[in-house]
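# Everything below, folded, please.
(one chain, ligands or ions: 1)
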Amino acid sequence: MSSSLPSRVTLVDVGPRDGLQNEKQAVAAAHKIELVQRLQQAGLREIEVTSFVSPKWVPQMADGAEVMAGIARPAGVRHSVLVPNMKGFEAALATRPDEIVVFGAASEAFSQKNINCSIAESIERFAPVTAAAREAGLKVRGAVSCAVACPYEGEIHPDRVELVVRLMKEIGVQHVGIADTIGVGTPRRVQAAMERALKHYPLAEVSGHFHDTYGQSLSNVYACLEMGIASFDASVAGLGGCPYAKGATGNVATEDVVFMLHGLGIETGIDLDALVDTAAWISGVLGRKPVSRVANAMLARRAAA
Ligand SMILES: CC(C)(COP(=O)([O-])OP(=O)([O-])OC[C@H]1O[C@@H](n2cnc3c(N)ncnc32)[C@H](O)[C@@H]1OP(=O)([O-])[O-])[C@@H](O)C(=O)NCCC(=O)NCCSC(=O)C[C@@](C)(O)CC(=O)[O-]
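This is a model prediction of the structure:
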């Protein structure tokens, strides 16, 4: 374990994709485009914009091409999109993402529910996608869902995380994101999963993706910082959930992570006030308050001033 924490951390805001994919109400493409714009203005340099999946499975992401076409593409900001297969890749490629994300799972049952195939079949699908993306000059990230536990199978052993990580490495995936899909992970269990990823990928190419269902996500981010991991997914206003993990709440809120990191003296390049404005804005669009403790605290303090 590293003795000092990283001096700089990269946050990937997954709010436009993971955050909105599970919304019951229709969210206009124009609002998604504005969300990306506001995140960029708040200093986010990595944004997961949308996914190119079946609109029958995830209707909320059916406007991926429109959203990608509508966003500004300033230099220095990386825009990623989720891709499950070659059909998704071809649609994604036409929108010029900087990065694609193939998404597998350490649980067979979740793989079947989420992408309608086994883990082995998913790797077979990801192999040509990864090769084509790299050929096109795009970076390929891999997400490993259910790295701690699965909503259908229960606890997942780190051996199973390592297996998927190794298979992703073998097909040329360049980065792995270790995901606690249902947010039951606690620091030592998350570290155990991360250790397996670090057997196959360097520190700079491993990230954490923690849902906050049981309120553990910030502790898990901290546990990973102690290992030297310096990249995390987070979702503005704590938006989100996965349609195939019922009851799972959103990712750790970006504002909460930024507040903790800045408190630790770790740079993010993110303007917390502007981020809180964004959290308030998108929550207003959705007709509710942000889930983020930091956003609510800062908004209450502003209102009282
Ligand atoms: C993977 C599939 C497509 C397989 O779905 P399938 O039904 O097995 O696919 P298929 O190849 O048999 O095709 C069936 C139909 O889907 C169409 N199709 C096939 N592929 C595509 C595509 N890419 N885009 C658009 N359409 C597509 C295809 O053209 C055909 O259309 P039809 O002839 O019936 O009209 C489906 O299961 C799916 O779309 N699943 C969506 C899963 C998803 O988006 N889940 C949420 C994201 S993952 C997540 O949130 C977890 C993560 C990453 O955040 C980390 C964590 O926290 O765990």
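
# gap between residue 203 and residue 102?
Relative to residue 102, residue 203 is positioned 21 Å away (Cβ to Cβ, to the nearest Å). Yep, even glycine has a C-beta here, placed from its N, CA and C like the rest.

# If you count surrounding residues, which of the two has more?
Each of residue 203 and residue 102 has its neighbours counted (other Cβ atoms under 10 Å); residue 102 has more, 26 against 15.

# is the ligand contacted by the helix or strand where that one lies?
If you go by DSSP states H and E, residue 102 is part of strand 99-105. Yes - applying Cβ under 6 Å from any ligand atom, one finds strand 99-105 in contact with the ligand at residue 103.

# any weak-confidence spans in the stretch 201-305 of the chain?
Scanning the stretch 201-305 of the chain for pLDDT under 70 picks out the ranges 241-243.

# can you pull out the helices in it?
Under the criterion DSSP state H, counting those that start in this stretch, the stretch 201-305 of the chain contains helices at 217-226, 254-263, 272-286, 293-304.

# So for residue 97, which of those helices sits nearest?
The closest approach between residue 97 and any of the helices of the stretch 201-305 of the chain, judged by Cβ to Cβ, belongs to helix 254-263 at 20.2 Å.

# and the closest one, what does it pack onto?
strand 10-13, helix 217-226, strand 231-234, helix 272-286, helix 293-304 (3 or more Cβ pairs under 8 Å, 6 or more residues apart in numbering; DSSP states H and E).

# Any idea how far apart the tips of stretch 17-25 sit?
Chord length of stretch 17-25, first to last residue, is 15 Å (Cα to Cα, to the nearest Å).

# Any idea how far it is from the middle of the chain?
Taking Cα atoms, centre = their mean, to the nearest Å, one finds stretch 17-25 lying 13 Å from the centre of the chain it belongs to.

# circling back: which neighbouring elements make contact with the strand holding residue 102?
Other elements packing on strand 99-105 under the criterion 3+ Cβ pairs under 8 Å, 6+ apart are strand 78-82, helix 108-115, helix 119-135, strand 139-145, helix 158-170.

# of all these, which lies closest to the ligand?
Nearest of the helices and strands packed on strand 99-105 to the ligand, taken as Cβ to the nearest ligand atom: strand 139-145 at 3.1 Å.

# Can you pull the residues of the chain lying near the ligand?
For the chain, the residues in contact with the ligand (Cβ under 6 Å from any ligand atom) are 18, 21, 51-54, 57-58, 82, 84-85, 87-88, 103, 114-116, 143, 145, 179, 181, 209, 211, 242-244.

# So among those residues, which ones count as buried?
Among those, those classed as buried by 16 or more other Cβ atoms under 10 Å are 18, 21, 51-54, 58, 82, 84-85, 88, 103, 114-115, 143, 145, 179, 181, 209, 211, 242, 244.

# rewinding a little: could the helices of the stretch 201-305 of the chain go into a markdown table alongside mean neighbour count?
What follows is the helices of the stretch 201-305 of the chain, written out as a markdown table (neighbours: other Cβ atoms under 10 Å):
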| stretch | mean neighbour count |
| --- | --- |
| helix 217-226 | 21 |
| helix 254-263 | 22 |
| helix 272-286 | 20 |
| helix 293-304 | 15 |
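
# In three-state terms, label the closest residue in space to residue 23 that isn't next to it in sequence for me.
The shortest distance from residue 23 to any residue other than its chain neighbours is 5.6 Å, reached at residue 60 (Cβ to Cβ, 6 or more residues apart in numbering). Taking DSSP: H, G, I helix; E, B strand; the rest coil as the rule, one finds residue 60 in the helix state.

# And the pLDDT at residue 60?
As predicted, residue 60 sits at a pLDDT of 96.

# show me what contacts residue 79?
Contact partners of residue 79, counting by Cβ atoms under 8 Å, 6 or more residues apart in numbering, are 36, 47, 49, 68, 71, 73, 97, 98, 99.

# hmm, try it at 6 Å
47, 49, 97, 98 (Cβ atoms under 6 Å, 6 or more residues apart in numbering).

# same check, this time on residue 110
With Cβ under 6 Å, 6+ apart, residue 110 has these contacts: 145, 146, 150.
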